[in-house]
Every structure is written in C-alpha cells, then in structure tokens.
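Visitor: my questions concern the predicted model and sequence given below.
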Amino acid sequence: MDITRHDDGSLTIPVIPGRHADDVDDGVAPAPGPTEMTIRPGEGGYVEALAQWDAQQHPDQTEAVSTASGREQAMQVVHAVAEDREHVADAVAALDDAEAGGEALRHVLVGGTPSVQAFAGEVADAEGGDPLPPHTATRIIGEVLAEIDSTNPT
C-alpha cells in the first residue's frame with residue numbers, strides 16, 4: 001500500500017499488523033486492526049512518512065543531495081510560503097532553480113525532525129523572523145515538494 005498525501009498536508013500510511021497478532025491465548029483469534037491511519041504535521045512519524053511519500057513519488061531518484069545554491073533556494077521558498085501560504089505556486093515559480101531547491105528540501109526531510117528544526121532556524125537567520133515550529137516547516141516542505149513535482153514532472 002502506498003502513502004497518500006492529502007491537500008491538508010496529512011498523510012495516510014499503511015499500518016503494519018502487530019508482530020504477535022497470530023498469538024492466541026484463549027483460542028479466539030484477535031480482531032484484525034486497521035490497515036491504514038492518517039497522521040498530520042507535528043505527529044510522531046510524520047517527517048519520516050513525508051520522506052517516504054516523496055521517495056515513493058520518485059522511485060528512480062538517487063539519494064538527495066543538497067548544494068549551497070539549492071539550500072539557498074530552499075530557504076527562500078520556505079520563507080516565502082511561510083509569509084503567504086496561499087501562493088505556494090507563485091513562490092515555487094519565483095525560484096531560479098526549483099529542482100535544486102527540491103533536492104535540498106528532500107535532503108532536509110531525510111534527516112528527520114532534528115534536521116527540519118535546524119533548517120527552520122537557518123531560514124529564520126537567513127530570511128528574518130522567528131524559526132518556524134518543525135511541524136509547520138515540515139508541512140510547508142511537503143506543499144513545496146508537491147508543487148515542484150506538479151510543475152516539473154519527471
């Protein structure tokens with residue numbers, strides 16, 4: 001089962017059955033649990049699931065590489081979207097190199113929550129303002145990556 005990203009940023013992920021679901025103490029088989037669940041930015045496992053969703057969108061992609069110019073593009077677009085959440089497409093279109101920015105954002109996601117938190121601090125230092133909470137930065141990264149993918153299909 002694939003991970004599904006929804007317009008509100010939430011992700012529906014597959015749930016792996018418990019390791020001991022087949023163990024039966026009383027002779028009665030346990031009721032089957034859910035096969036999927038929805039998680040939202042800020043919830044445990046969201047950053048990792050978003051990274052997996054992105055990898056699922058690009059199965060042929062090699063490991064994400066962050067260049068200095070890509071990191072700069074990534075910081076600019078995250079700051080722009082944080083300032084005006086209604087114009088993600090405009091913020092992505094304003095980038096000189098959306099692909100390099102996207103690669104840098106993928107690199108941030110692979111590092112998990114600590115990487116996202118450090119990146120949010122870098123954005124605040126470079127662009128001004130207070131650092132975004134990690135769950136907000138993660139949600140913006142997901143929106144930006146979805147927009148980059150929709151405008152630059154591979």
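Guide: Happy to help now that I have it.
Visitor: I'd assumed I13 was in a strand, is it?
Guide: Yes. Looking at I13 with DSSP: H, G, I helix; E, B strand; the rest coil, it is inside a strand.
Visitor: wait, it sits on I39?
Guide: Yes. Applying C-beta atoms under 8 Å, one finds I13 in contact with I39, separated by 6.4 Å. Every residue, glycine included, has its C-beta placed from N, CA and C.
Visitor: ranking helices and strands of the protein by mean pLDDT, which lands last?
Guide: For the chain, using mean pLDDT, DSSP states H and E, the weakest element among its helices and strands is helix 46-57, scoring a mean of 85.
Visitor: for that one, name the packing helices and strands.
Guide: Packing contacts for helix 46-57, counted by 3 or more C-beta pairs under 8 Å, 6 or more residues apart in numbering; DSSP states H and E, involve strand 4-5, strand 11-14, helix 98-110, helix 112-127, helix 134-151.
Visitor: quick one: contacts for the residue nearest to the spatial centre of the chain?
Guide: Closest to where the C-alpha atoms of the chain average out (C-alpha atoms, centre = their mean) is L50, at 3.6 Å. Listed by C-beta atoms under 8 Å, 6 or more residues apart in numbering, the contact set of L50 reads R5, L11, L109, T138, I141, G142.
Visitor: about what we covered before: could you identify the helix or strand that succeeds the least confident helix or strand of the chain?
Guide: Using DSSP states H and E, the helix or strand that follows helix 46-57 towards the C-terminus is helix 68-83.
Visitor: same for that next one, what does it pack against?
Guide: helix 88-93, helix 98-110, helix 112-127, helix 134-151.
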